[in-house]
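**Student:** prediction below, plus the sequence it came from.
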Amino acid sequence: MAFLTDRKRASGMGSAKTGTEHHWQMMVTSVALLILVPLFMFTFGSVLGGTYEEVVAYYSRPVPAVIAILTLLVGFFHFAKGAQTLIEDYVHGLARKGLIIGVICLSYGAAALGVFAIIRLAL
Amino acid sequence: MRDSALNIVQIGCDCSHAAERPATEGNRVMADVNRGNRPLSPHLTIYRPQMTSMTSIFVRITGNALIVAALMIVWWFAAAATGPEAFATADAFLRSWFGDLVLFLSVWAMWYHLLGGVRHLIWDTGRMLKVEQAETLGLVMIIGSVLMTIFTIIVT
């Protein structure tokens, strides 16, 4: 190791070279959520407080169901990416990898459970 | 491992003199002798809170905190798909004072994070990057999120 110059040691150790895609995915999902989230807040907010029968009837309609499904899918994908950035800023080493894997599993798991539930409600 | 050779150099000499040594001593001295002994830039904790930094930090806090409401809503959907008894449990939790508080704060967090995202989208086009403009957008985020929260509570 002592025979290597700092230049040689630093060479190839720059950025991870995948940041552009991460940023682009955050941009795309944020624009999508800009539309989806207000739609979801107003549809979900209007039915929250209703009876079980009212909720089932409401989410049997295609528009509220599709809004909810898209919001959960895009929202949890956006969350996984954003939380990954948070973890990368403050946590290092093995804990970083473990937390990022955990966040991705939680996000996809919650999204899958939510989408399954809405489809079951709707059909 | 990579630093060990340099550390030996640092421990073995007074660094203020090292820079004056002739280059004939080879790579170890030519390498960054002062590593780890440079003046540090002022740390985050001594900065006065500013509109730009605080509104940015709150975008991160609100975005990540929204996971609580998101999981509560997923639970609510899963319970509704399971049946009336499960739904009654989840629905009672969401509509309890605690659930209500979390959802109310999350509505504000959602609008704040949304407006923060809009600010990022504006910045990404190269616009509004001057400090005063960024501060104006921060003010829009604070006032806008409060107004939109009140609007959402009234409408729904």
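**Tutor:** Looks like it arrived, so ask away. The model shown is predicted, which means the values in this text are computed figures rather than measured ones.

**Student:** the least confident helix or strand in chain A by mean pLDDT: which residues count as buried?
**Tutor:** Within chain A, confidence by mean pLDDT, DSSP states H and E is lowest for helix A:6-10 among all helices and strands, at a mean of 81. The neighbour-count check on helix A:6-10 (16 or more other C-beta atoms under 10 Å in any protein chain shown) flags nothing as buried. Bear in mind the C-beta positions are built from the backbone N, C-alpha and C, glycine included.

**Student:** that helix and chain B, are they touching?
**Tutor:** Yes. With C-beta under 8 Å from any C-beta of the partner chain as the criterion, chain B is reached by helix A:6-10 at A:D6, A:R9.

**Student:** using CSV, write out every CA atom in that helix.
**Tutor:** Taking Å, rounded to 0.1, in the frame of the first residue of the first chain, the C-alpha atoms of helix A:6-10 are listed here in CSV:
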residue,chain,number,x,y,z
ASP,A,6,-2.8,9.3,-3.1
ARG,A,7,-3.8,10.0,-6.7
LYS,A,8,-3.7,6.3,-7.5
ARG,A,9,-5.6,5.5,-4.3
ALA,A,10,-8.3,8.0,-5.0
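
**Student:** what residue in chain A comes nearest to chain B?
**Tutor:** Relative to chain B, the nearest point of chain A is A:G45 (3.0 Å; C-beta to the nearest C-beta).

**Student:** for that residue, what are its contacts?
**Tutor:** B:T152, B:V155, B:T156 (C-beta atoms under 8 Å, 6 or more residues apart in numbering or on different chains).

**Student:** of those residues, which is the most crowded?
**Tutor:** Within those, neighbour counts (other C-beta atoms under 10 Å in any protein chain shown) peak at B:T152, which reaches 18 neighbours.

**Student:** grab the nearest non-local neighbour of that residue.
**Tutor:** Distances taken as C-beta to C-beta, 6 or more residues apart in numbering or on different chains place B:V107 nearest to B:T152, at 5.2 Å, with adjacent residues excluded.

**Student:** distance from stretch A:80-91 to the middle of the chain?
**Tutor:** Mean-position distance between stretch A:80-91 and its chain equals 12 Å (C-alpha atoms, centre = their mean, to the nearest Å).

**Student:** show me where chain B has its helices.
**Tutor:** For chain B, the helices defined by DSSP state H cover B:4-12, B:15-18, B:27-30, B:51-82, B:84-95, B:97-124, B:131-155.
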